[in-house]
Structures are given as C-alpha cells and as structure tokens.
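Visitor: sequence first, then the predicted structure, then my questions.
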Amino acid sequence: MTRLLLAACVLLSACGIRYGFSQGSFPPNIRTMAILPFDNQTQSPDVGSELFDLMRKDLQKRLGVHDAARDKADALVRGVITTYDADVPVAYSANPAQSTSARRKLQITVDVEIVDQTTGKILWQRKGLQAEGEYAERAEPEGRRQAMQRLVNDIVEGAQSQW
C-alpha cells in the first residue's frame with residue numbers, strides 16, 4: 001500500500017501536477033504586504049501600537065504573504081481605530097468580600113481595508129468591524145489582548161472568504 005501511494009505521488013509530480021497547502025489564499029499576484037499603522041481616533045494612545053504589532057506578527061503569516069515596505073508591497077492593509085471602550089460592565093459579584101467584584105467587557109471598533117497596490121482595487125474592506133474581550137476588574141490588558149486577537153482573526157477570515 002505504501003509503495004502504491006509513493007508511486008502515485010512520483011507519477012503526479014512527473015506530470016507537472018502541483019498540490020500544496022497554504023494558509024493564505026490571496027490572488028496569485030499578491031505575494032507581499034505592508035501593514036500600515038492604523039489612525040487612532042480614540043483616547044487610548046497605546047491601542048494603535050499594540051494592534052499594529054499584533055497584525056505584523058500574525059496577519060501576513062496567516063494570509064500566506066511576506067512583509068514588504070509600503071512602496072514595494074503588492075498589497076496594503078490600512079485602517080482607523082474608531083472606538084475603544086474599556087469599561088462596559090458585564091457582571092457583578094454579590095459578595096463584597098471577593099477580590100474581584102466585577103467582570104468587564106472591552107470593545108474595539110475599526111474600519112479596515114486591504115488594497116491591491118498595482119490596480120488600486122480594494123481586495124477586502126470592513127467598516128465598523130468590532131471585537132470584544134472580557135476581563136476581571138483591573139485586568140484590562142487581558143481584555144484588550146482578546147479583542148485585538150479577535151480583530152486579527154476576523155480580518156484573516158474576511159480576506160480569505162473572498163477567494
């Protein structure tokens with residue numbers, strides 16, 4: 001059985017048939033991408049740099065493209081952080097002796113687009129993309145991390161759904 005499978009693989013490769021797995025699935029002309037820092041319209045100055053760092057770390061790898069400078073990239077990712085609300089109550093504890101008396105929800109909303117630089121065509125766009133993260137009182141960074149990871153996941157899934 002193993003020899004038969006090996007023979008089939010050799011035969012297929014000899015015929016020029018190529019098959020592979022790719023996490024991305026952008027059009028074939030999109031091989032490089034530049035992620036631009038999002039314009040931050042919120043009162044929280046760190047949100048923009050944290051989102052930019054996470055997107056640079058995850059987005060290109062998951063879309064199957066390589067990093068490139070803005071002027072040399074096949075595609076650009078750009079956007080605006082429109083809202084950042086870190087104090088949405090979710091639940092309260094009835095026991096005042098508990099150290100954590102409340103759960104909070106954090107919401108981040110962005111407008112984002114991925115643009116093919118050679119044609120100027122918008123490959124994927126979403127206005128009002130919102131993500132949430134829950135956290136214990138006084139643990140806002142955990143909620144922010146959850147919400148930002150969900151944003152990146154939604155961007156990847158949205159971009160991949162186009163092809």
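Guide: Nice, I can see it.

Visitor: which residue packs closest to residue 131, ignoring adjacent ones?
Guide: Nearest residue to residue 131, sequence neighbours excluded (CB to CB, 6 or more residues apart in numbering): residue 150, at 3.7 Å. C-beta: built from backbone N, CA, C; applies to glycine.

Visitor: again but with residue 82, I slipped
Guide: Leaving aside its sequence neighbours, residue 82 sits nearest to residue 109 (CB to CB, 6+ apart; 4.9 Å).

Visitor: what pairs with the one you found across the strands?
Guide: Going by DSSP bridges, residue 109 is paired in beta bridges with residue 83, residue 130.

Visitor: what does stretch 57-72 contact?
Guide: Here stretch 57-72 makes contact (CB atoms under 8 Å, 6 or more residues apart in numbering) with 22-26, 30-36, 56, 74-77, 152, 155-156, 159-160.

Visitor: cutoff 10 Å now
Guide: By CB atoms under 10 Å, 6 or more residues apart in numbering, the residues outside stretch 57-72 that reach it are 21-26, 30-36, 56, 73-78, 114, 117, 148-149, 152-153, 155-157, 159-160.

Visitor: from what I see, residue 124 and residue 162 are in contact.
Guide: Yes. With contact defined as CB atoms under 10 Å, residue 124 reaches residue 162; the gap is 5.5 Å.

Visitor: these two: who's more crowded?
Guide: More crowded of residue 124 and residue 162, by other CB atoms under 10 Å: residue 124, with 19 against 11.

Visitor: what helix or strand does that one sit in?
Guide: Secondary structure from DSSP states H and E places residue 124 in strand 122-136.

Visitor: quick one: contacts for the nearest residue to residue 129 once chain neighbours are set aside?
Guide: Leaving aside its sequence neighbours, residue 129 sits nearest to residue 110 (CB to CB, 6+ apart; 5.2 Å). Residue 110 makes contact with 38-41, 47, 51, 79-84, 126-131, 148, 151, 154-155 under the criterion CB under 10 Å, 6+ apart.

Visitor: buried among the contacts of stretch 57-72? Make that a ChimeraX selection.
Guide: Burial among the contacts of stretch 57-72 is assessed by 16 or more other CB atoms under 10 Å; the matching ChimeraX selection reads:
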select :24,26,30,33,34,35,56,73,74,75,76,77,78,114,117,148,152,155,156,159,160
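
Visitor: next SSE after the helix or strand of the chain at the bottom of the mean pLDDT ranking?
Guide: Lowest by mean pLDDT, DSSP states H and E among the helices and strands of the chain is helix 2-14, with a mean of 49. Counting by DSSP H and E, the element after helix 2-14 in chain order, helix or strand, is strand 32-35.
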